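J.: One predicted model, sequence on top.
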Amino acid sequence: MSERTRFDLAQDQIPAAWQNLLPVMAQAGIPLLPPLHPGTKEPVTPDLLAPLFPEPLIMQEVSTEEWIDVPGEVLDVYRIWRPSPLFRADRLERALDTPARIYFKYEGGSPAGSHKPNTAVAQAFYNKQAGVRRLSTETGAGQWGSSLSMACSFFDLDCLVFMVKASYEQKPYRRIFMETFGAEVRPSPTSTTEAGKKILEQTPDSTGSLGIAISEAIEIAATNGDTNYSIGSCLNHVLLHQTVVGLEAKAQMELAGDVPDVVVGCVGGGSNYGGLAYPFMADRLRGVTPDMRFLATEPAACPTLTKGRFAYDFGDTAGMTPLLPMYTLGHDFVPAPVHAGGLRYHGDSPSLSLLVKHGHMEAEAYTQNDVFEAAVLFAKTQGIIPAPETAHAIRGAVKEAIAAREAGEERVILIGFSGHGHFDMQAYDDYLNGRLPEVEFDPAAEEAALARLPEVPVG
Ligand SMILES: Cc1ncc(COP(=O)(O)O)c(C=O)c1O
C-alpha cells in the first residue's frame, strides 16, 4: 500500500481549550514586557483598552493561565470547517528529490480561505456578548476582512473594514466577498477619518499600509460608543485563538508517527505562525524537544524580524495604540506594495519577537520572485495554489528540504499553510509574466522611520 498522505481528526477532537504560551515563556525566563501608555510611558492598565475591546478579550490579552476554554458557541462555528486536515506533501518531496518528509497543516479550507476565522469567530462572539453593535477593522490582503465579515454576520453584528488601497485595487473580489456578508469596505487611507486625512494631505497617492488602516479602524472605534475594534493579528489574544491550529497539528503529527524537526510559517503580525508553532514551542521551552527548530519567514519588502529593531513602537501609523515591545521597521514605514498584502506590517507580535530575540526562533526574508517560484512548484505538485503570504512558508520549507537533500538527512518539515490564493490570480499573472520587481526594499526609508521611533528604553 502506498504511504498515507492525509491525517484527519474527528469532529469531536477540535481542541476545547486554547493554549496560552505566555506563562510558559515566563517560566522559561522570558517574560513578556508590558505594553506602555504612549503619554505616561507607564504599563497600560486594562481599563485603557476598554473603549476598544470587550472585557474577556482584554483578560485573555494579559492572562497567566496556560489553558483557556473555547466557548461552546465558538466551537459550534469552528465545526463548519475544523478540524482542518494535515497533509503529507509527498509529490513535492519527490519533485525536490529530498529525503525530507514534508507535512502541511491546511487552513485554506475555512469558508474565508485562511486561518483568520479562528480568531474572527471568537472576537465576534465576545463582542456580541458584550452588547456591541458594530466592529471596525483593517485588512491587508482581504483575508482578515473576509473572515471578520463572515463572523459578524454569524453573530448579527455590523462590520466596517478599512482595506489597504493597494489590495482594494488589486483584489476587487475580496471586497465583494466582504460585501456579500453585509460588511462596508473602504479603501484606506480614506478621507472619512482624521488619521486617513492626514496621510492623504502628505501623500495624496498613498497606496496605504496595514499601519494606516489600523489607525483608521481604531479611530472609528474610539469615537463611536457602539463600535469596538477588532484586530486580525499581532496581539496575544489573537495568537491565543489561533493555537487551535497547532494543537490539532500536534495530534495529527502523532497520527503520522513523526515529530517535526522544523516548523515553518509566514509572519505578518504573527498569528498563523504563532498559532501553529506555540503548542510545539511550549515543548521546546519545557525541554521536551529542545532541538526542534522554528523558522519564521517574511517578505524582503517588509523584513521586520530580519532587519527591524527590537524596540517599543506603536502598532499603527498614526500613533494611537499603546507602545508594544516588538521588532519594528518604524510605525510610519510604508512597505512596497508587494502582493503578500497580509505581510506588509511594520511590526510583529511581541511574544514572537521575543522568541526570535532569545534565539528560540529563526527568521528569513525572501523576494517575491523566489516566493512565487516555490508557490508554483507547490501548485504543480500538490494541486493547491497558495496565498502569496503562505508562499513565503513554502519557500522556507523548500529551502529546508533542499538542505536536507544536500546533507543526506531525513528532516521532518511542518509547514503552516495559512491560506489558498484563489483571489490572488493577479499576483500569479504578474509573476508568470515577469512583472515583479527584483528590488523591493529601501533601507534609507527604514532608517528614517526608525529615527522617528518613540524614545523609550526596552529591557
Ligand atoms: C493567508 C494569510 N497568511 C498569513 C497572513 C499573515 O498574517 P499573520 O502573520 O497574522 O498570520 C495573512 C494576513 O492577512 C493571510 O491572509
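T.: Thanks, I have the structure now. Numbering: from 1, shown residues only.
J.: do you know how far the one residue sitting closest to the centre of the chain is from residue 419?
T.: Central residue of the chain (C-alpha atoms, centre = their mean): residue 271, 3.6 Å from the mean position. Noted for residue 271: a distance of 12 Å to residue 419, by C-beta to C-beta, to the nearest Å. For every residue, glycine as well, the C-beta is placed using N, CA and C.
J.: Give me the common contacts of the two.
T.: 115, 116 (C-beta atoms under 8 Å, 6 or more residues apart in numbering).
J.: which ones are touching whichever residue of the chain sits closest to the ligand?
T.: For the chain and the ligand, the shortest gap (C-beta to the nearest ligand atom) falls at residue 342, measuring 2.2 Å. Residue 342 is in contact with 140, 141, 143, 144, 268, 387, 389, counting by C-beta under 8 Å, 6+ apart.
J.: ok so, going back, doesn't residue 237 make contact with the residue nearest to the centre of the chain?
T.: No - if you go by C-beta atoms under 8 Å, residue 271 and residue 237 don't touch, sitting 10.1 Å apart.
J.: between these two, what contacts are shared?
T.: Contacts common to residue 271 and residue 237, judged by C-beta under 8 Å, 6+ apart, are residue 119.
J.: residues near the residue lying closest to the residue nearest to the centre of the chain once chain neighbours are set aside, how many?
T.: Leaving aside its chain neighbours, residue 271 sits nearest to residue 233 (4.2 Å; criterion: C-beta to C-beta, 6 or more residues apart in numbering). Using other C-beta atoms under 10 Å, residue 233 has 28 neighbouring residues.
J.: chain center to stretch 25-43: distance?
T.: 21 Å (C-alpha atoms, centre = their mean, to the nearest Å).
J.: List the buried residues of it.
T.: For stretch 25-43, burial by neighbour count (16 or more other C-beta atoms under 10 Å) applies to 25, 28, 30, 32, 33, 34, 35, 36, 38.
J.: next one: stretch 274-284
T.: 274, 275, 276, 277, 278, 279, 280, 281, 282, 284.
J.: Restricting to C-alpha, output stretch 29-37 in PDB.
T.: Presented in PDB, the C-alpha positions along stretch 29-37 are these (Å, rounded to 0.1, in the frame of the first residue of the first chain):
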ATOM      1  CA  GLY A  29      12.800  33.100  31.900                       C
ATOM      2  CA  ILE A  30      11.400  35.200  29.000                       C
ATOM      3  CA  PRO A  31       8.500  37.100  30.400                       C
ATOM      4  CA  LEU A  32       6.700  39.500  28.100                       C
ATOM      5  CA  LEU A  33       7.400  43.200  28.600                       C
ATOM      6  CA  PRO A  34       4.200  45.200  29.200                       C
ATOM      7  CA  PRO A  35       2.700  47.500  26.600                       C
ATOM      8  CA  LEU A  36       3.100  51.100  27.600                       C
ATOM      9  CA  HIS A  37       0.800  54.100  27.600                       C
END
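J.: Give me the pLDDT value at the residue nearest to residue 258 when sequence neighbours are not counted.
T.: In space, and not counting its chain neighbours, residue 258 is closest to residue 412: 4.9 Å by C-beta to C-beta, 6+ apart. Looking at residue 412, its pLDDT stands at 98.
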